[in-house]
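> Predicted model and sequence follow; I will ask about them next.
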Amino acid sequence: MNSQKKKEEEQQKNYCSICDNVGFIPVVDNEGHTRYRPCKCREMLKVQKIWEQSGISVNDIDKSFANFEAWNNEIRAMKDKATSYYLQYSKIKADRCNSIMLCGNPGCGKTHLALALANNLLKNKGVPVVYMPYRDVITKIKQNMVDEEYYKKTLSKYQNAEVLLIDDLFKGKVNDTDINIMFELINHRYLNRLPMIISTEFTVDKLLSFDEAIGSRLYEMAKSYVVQIEGIKNNYRMR
Ligand SMILES: Nc1ncnc2c1ncn2[C@@H]1O[C@H](COP(=O)(O)OP(=O)(O)O)[C@@H](O)[C@H]1O
Ligand SMILES: [Mg+2]
Ligand SMILES: [Zn+2]
């Protein structure tokens, strides 16, 4: 397809018939003055932009609290923590403790809940959450480590996101380089009080024994919202 045609299609897709792409709708008030109110397409465009920048796959935008079953007491407690974090978010976002950490075995629903939280923050509060699948990202960073510009740019995206979702922290073999990169990332967020949503198969004790500097910072930032699920009995696929 030639670029002109592509452009036209793109424009058509983004065309708003309510406001004719002006972004505002004229409303005449009681005194006959014309006022303008923002069209809903502006809001939608904003939401669409932060979706695109979040890195959340289209397959995951349906993950919600509503479709997360509280199928046993421990799972219910984890869901309650996540929803209460969501409800408190606006109040606690600048606090020392403004993060949440979901620890537990594979299959207990950590990623689902973390994404439900992210989706709600994006959709309902317009908060630009950035999704970081730990293993993929750390591998890519290490492969491109000699490219200083890439390294700085990538790290900075995760360091400065308004909310960062780290999925499956420290999954796989962890060496000193991984620890150093993650320290650079997490310490920056710690110093600037930037919230994180963490999912990991490790308990807090295990994280501390891995690397005390990282573990203790994460704990300090999430201690009111730490959930630790243990045991195969909590695997959703085996319920
Ligand atoms: N309580 C639950 N209610 C509904 N679906 C669930 C629940 N727990 C897990 N799932 C589903 O099971 C699969 C595995 O869950 P996931 O969140 O990836 O687990 P984890 O990240 O802890 O390994 C996903 O498809 C998820 O949507
Ligand atoms: Mg997971
Ligand atoms: Zn419009």
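Structure's in. What do you need? Residues are numbered from 1 along each chain as shown. Ligands and ions are numbered 1, 2, ... in the order given.

> Give me every residue in the protein lying close to ligand 3.
C16, I18, C19, C39, C41 (C-beta under 5 Å from the ion). For every residue, glycine as well, the C-beta is placed using N, CA and C.

> which residues touch the residue nearest to the first one when sequence neighbours are not counted?
Nearest residue to C16 in three dimensions, chain neighbours excluded: C41, at 3.9 Å (C-beta to C-beta, 6 or more residues apart in numbering). Contacts for C41 (C-beta atoms under 8 Å, 6 or more residues apart in numbering) come out as C16, I18, C19, N21, G23.

> And the contacts of the longest helix seen in the chain?
Determined from DSSP state H, the single longest helix within the chain is helix 73-92. Residues outside helix 73-92 that contact it (C-beta under 8 Å, 6+ apart): 65, 68-70, 98, 100, 102, 104, 108-110, 113-114, 116-117, 120-121, 125, 127, 195, 225, 227, 229, 234, 236.

> Establish whether that helix and ligand 1 are in contact.
Yes - Helix 73-92 lies within reach of ligand 1 by C-beta under 6 Å from any ligand atom, at I75.

> tell me the mean pLDDT for the helix or strand following that helix?
Counting by DSSP states H and E, the next helix or strand C-terminal to helix 73-92 is strand 100-104. Strand 100-104 shows a mean pLDDT of 98 in the predicted model.

> Please apply the same query to stretch 58-67.
The predicted model gives stretch 58-67 an average pLDDT of 95.

> same thing with stretch 6-16?
For stretch 6-16, mean pLDDT rounds to 72.

> now do stretch 218-235
Confidence for stretch 218-235, expressed as mean pLDDT, is 94.

> May I have it exported as CSV, CA atoms only?
C-alpha atoms of stretch 218-235 as CSV (Å, rounded to 0.1, in the frame of the first residue of the first chain):
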residue,chain,number,x,y,z
LEU,A,218,11.2,-3.4,47.6
TYR,A,219,9.9,-4.5,51.0
GLU,A,220,10.0,-0.9,52.3
MET,A,221,8.0,0.3,49.3
ALA,A,222,5.4,-2.5,49.3
LYS,A,223,5.2,-3.6,53.0
SER,A,224,1.5,-2.7,53.4
TYR,A,225,0.7,-4.6,50.2
VAL,A,226,2.8,-7.7,50.2
VAL,A,227,1.0,-11.0,49.5
GLN,A,228,2.7,-14.3,49.7
ILE,A,229,0.9,-17.4,48.3
GLU,A,230,2.5,-20.7,49.0
GLY,A,231,1.9,-24.2,47.7
ILE,A,232,0.7,-26.0,44.6
LYS,A,233,-2.8,-26.1,46.1
ASN,A,234,-3.1,-22.5,44.9
ASN,A,235,-2.5,-23.3,41.3
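
> Sweet, I'm off.
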